[in-house]
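Undergrad: Next come a sequence and a model predicted from it.
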Amino acid sequence: AKRTTMDLDAWPYPKQPLVPLAESVHERMSVEIFRGCTRGCRFCQAGMITRPVRERSIEGIGEMVRKGLEASGFEEVGLLSLSSADHSEIAQVTKGLADRYEGTNTGLSLPSTRVDAFNVDLANELSRNGRRSGLTFAPEGGSERIRRVINKMVSEEDLIRTVATAFANGWRQVKLYFMCGLPTETDEDVLQIAAMAHEVIRAGRKAAGRNDIRCTVSIGGFVPKPHTPFQWAAQCDPDTVDDRLRKLRAAINADRSLGRNIGMRYHDGKPSLIEGLLSRGDRRVGRVIERVWREGGQFDGWNEHFSYDRWTAAAEAELEPQGVSMAWYTTRERTEEEILPWDHLDSGLDKQWLWDDWQDALGEQELDDCRWTPCYDCGVCPSMGTAIEIGPTGRKLLPLSPV
């Protein structure tokens with residue numbers, strides 16, 4: 001059974017972050033402002049297994065930032081969580097930190113922001129002391145239908161309205177995250193990404209009154225995860241994913257006047273299939289991992305080192321004598337009665353509730369955030385002796401006293 005820390009202010013981690021000698025990808029001090037998420041995105045393992053929501057207080061966040069900057073020398077602070085803009089006092093947190101570090105070149109940043117939680121005041125506070133970077137949003141699915149399936153209820157109208165507001169207030173670039181290969185997905189669901197990106201450029205040009213704006217579409221292959229409603233889902237095969245991505249690129253470039261302002265970044269389907277094998281594999285997959293390593297596999301997270309053929313050959317050699325295959329672990333849909341390899345690990349979630357949510361997904365039924373609605377009986381709070389803990393506290397972040 002998992003353990004849940006309820007008073008996050010009592011655990012200001014990390015106290016003294018390690019600072020690498022070499023330049024890293026994210027040169028910043030990372031501060032977790034709350035833990036857990038109840039948005040209920042059905043693909044998100046982290047959101048499911050870290051329930052319930054527990055917020056750090058504004059004073060606790062301020063103290064973590066102060067000590068972290070003193071110990072590290074970083075000039076940027078990342079306010080991290082699974083959905084950072086959902087902190088009940090995010091406006092007060094960002095304003096308090098921006099006031100505190102005004103004139104010090106200490107910038108603030110959030111990870112990808114939910115469209116329905118974004119506002120220009122929040123974005124202005126984040127960029128007040130640092131450079132104004134691009135904004136990142138994660139619709140995850142291209143069509144309204146597929147977003148109902150994954151329970152990511154962001155309408156295209158909300159997205160267009162939000163990015164138009166951002167462009168009108170001086171931003172020049174947005175990044176949109178999507179997934180390909182989601183359960184029940186069709187070619188049309190993916191091609192809607194192109195239509196959405198085109199509309200973003202049109203709305204941005206109109207709002208900004210200029211043409212030099214950019215939209216980057218970043219797409220990852222979907223991998224079903226344990227302890228989520230999609231743990232029973234069949235993973236999409238690599239050829240289908242790659243074919244849909246080729247069609248999407250063609251659709252984006254079909255209108256050159258808009259397509260030249262749209263960048264597309266994606267991962268092909270083959271590495272995602274190996275991720276799927278590792279994601280839902282049982283102890284038999286351990287033999288595959290060892291064989292890949294013995295045959296020279298290392299740093300496989302980098303394209304130049306990854307060998308799909310080495311993985312498939314190892315899987316064939318090690319799994320077939322045991323009566324299973326890579327497809328058995330990845331592209332096969334599970335039944336309700338099947339005993340899953342991780343059933344003995346208790347994240348607090350009721351398995352029947354997960355199955356019912358999987359059926360809701362197949363029926364394209366969305367579920368609201370339980371922070372603002374009656375309990376859905378997912379099982380976490382009663383079985384773990386926990387409860388959702390959110391503000392507002394009404395407190396403010398005091399200025400730092402000069403030394």
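TA: Sure, I can see it.

Undergrad: If I follow the layout properly, Glu333 ends up in contact with Gln231?
TA: No - under the criterion of CB atoms under 8 Å, Glu333 is not in contact with Gln231, lying 10.7 Å apart. C-betas here are computed from N, CA, C, even on glycine.

Undergrad: With neighbour numbers in mind, choose between those two.
TA: Residue environment comparison for Glu333 versus Gln231 gives the larger neighbour count to Gln231, 22 against 11, counting by other CB atoms under 10 Å.

Undergrad: continuing past the longest helix along the chain, what's the next helix or strand?
TA: If you go by DSSP state H, the chain has its longest helix at helix 187-208. Using DSSP states H and E, the helix or strand that directly follows helix 187-208 along the chain is strand 214-221.

Undergrad: Touching the helix or strand following that following strand from outside, list them.
TA: Using DSSP H and E, the helix or strand that directly follows strand 214-221 along the chain is helix 238-253. Identification of contacts with helix 238-253 by CB atoms under 8 Å, 6 or more residues apart in numbering yields 180-181, 185, 187, 190-191, 193-195, 197-198, 217, 219, 221, 259, 262, 264, 266, 268-270, 272-273.

Undergrad: how does it look with 6 Å?
TA: Counting by CB atoms under 6 Å, 6 or more residues apart in numbering, helix 238-253 makes contact with 180-181, 187, 190-191, 193-194, 221, 259, 262, 264, 266, 268-270, 273, all of which sit outside it.

Undergrad: can you check stretch 182-197 too?
TA: By CB under 6 Å, 6+ apart, the list of residues contacting stretch 182-197 from outside reads 142-143, 146, 149-150, 156, 178, 180, 215, 217, 222, 233, 244, 248, 251-252, 262.

Undergrad: CA atoms of the longest helix of the chain as CSV?
TA: Only the C-alpha atoms of helix 187-208 are listed here, as CSV (Å, rounded to 0.1, in the frame of the first residue of the first chain):
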residue,chain,number,x,y,z
ASP,A,187,-7.6,9.2,-38.6
GLU,A,188,-10.1,12.0,-38.4
ASP,A,189,-9.4,12.6,-34.7
VAL,A,190,-5.7,13.1,-35.5
LEU,A,191,-6.4,15.3,-38.6
GLN,A,192,-8.4,17.6,-36.4
ILE,A,193,-5.0,18.6,-34.9
ALA,A,194,-4.2,20.3,-38.2
ALA,A,195,-7.5,22.2,-38.3
MET,A,196,-6.9,23.4,-34.7
ALA,A,197,-3.3,24.5,-35.4
HIS,A,198,-4.5,26.4,-38.5
GLU,A,199,-7.2,28.1,-36.5
VAL,A,200,-4.6,29.1,-33.8
ILE,A,201,-2.5,30.8,-36.5
ARG,A,202,-5.5,32.6,-38.0
ALA,A,203,-6.8,33.8,-34.6
GLY,A,204,-3.2,34.8,-33.5
ARG,A,205,-2.6,36.9,-36.7
LYS,A,206,-6.0,38.6,-36.2
ALA,A,207,-5.4,39.3,-32.5
ALA,A,208,-1.8,40.4,-32.8
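
Undergrad: Now do Leu80 against Ile61, distance only.
TA: From Leu80 over to Ile61 the distance is 11 Å, taken as CB to CB, to the nearest Å.

Undergrad: Could you confirm Thr104 falls within a helix?
TA: No - according to DSSP: H, G, I helix; E, B strand; the rest coil, Thr104 belongs to no helix; its state is coil.

Undergrad: What is the neighbour count of Ala46?
TA: Residues near Ala46, counting by other CB under 10 Å, number 15.

Undergrad: whoops, I mixed them up, Tyr329
TA: 23.

Undergrad: Can you list phi and psi of it for me?
TA: phi -90, psi -20 (degrees, to the nearest 10).

Undergrad: re the thing from before, now which of the contacts of helix 238-253 would you call buried?
TA: Burial of the contacts of helix 238-253 was assessed by neighbour count (16 or more other CB atoms under 10 Å); the buried members are 180-181, 190-191, 193-194, 221, 259, 262, 264, 266, 269-270, 273.

Undergrad: For my notes, please list those in CSV and give distance to Glu76 for each entry.
TA: As requested, these are arranged in CSV below (distance: CB to CB, whole Å):
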residue, distance to Glu76
Cys180, 31
Gly181, 34
Val190, 34
Leu191, 37
Ile193, 30
Ala194, 33
Gly221, 30
Gly259, 33
Ile262, 28
Met264, 27
Tyr266, 27
Gly269, 34
Lys270, 35
Leu273, 36
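
Undergrad: picking that back up, with neighbour numbers in mind, choose between Leu80 and Ile61.
TA: Neighbours were tallied for Leu80 and for Ile61 using other CB under 10 Å; the higher tally belongs to Ile61 (26 against 15).

Undergrad: I'd like the distance between the more buried one and Leu110.
TA: On the measure of CB to CB, Ile61 and Leu110 end up 13 Å apart.

Undergrad: got it, and Gly363?
TA: Separation of Gly363 from Leu110 (CB to CB): 33 Å.

Undergrad: Who has more neighbours out of these two?
TA: More crowded of Gly363 and Leu110, by other CB under 10 Å: Leu110, with 23 against 9.

Undergrad: Skipping adjacent residues, who's closest to the more buried one in space?
TA: Taking CB to CB, 6 or more residues apart in numbering, and ignoring the residues beside it in sequence, Leu110 has Ser84 as its nearest neighbour in space, at 4.7 Å.
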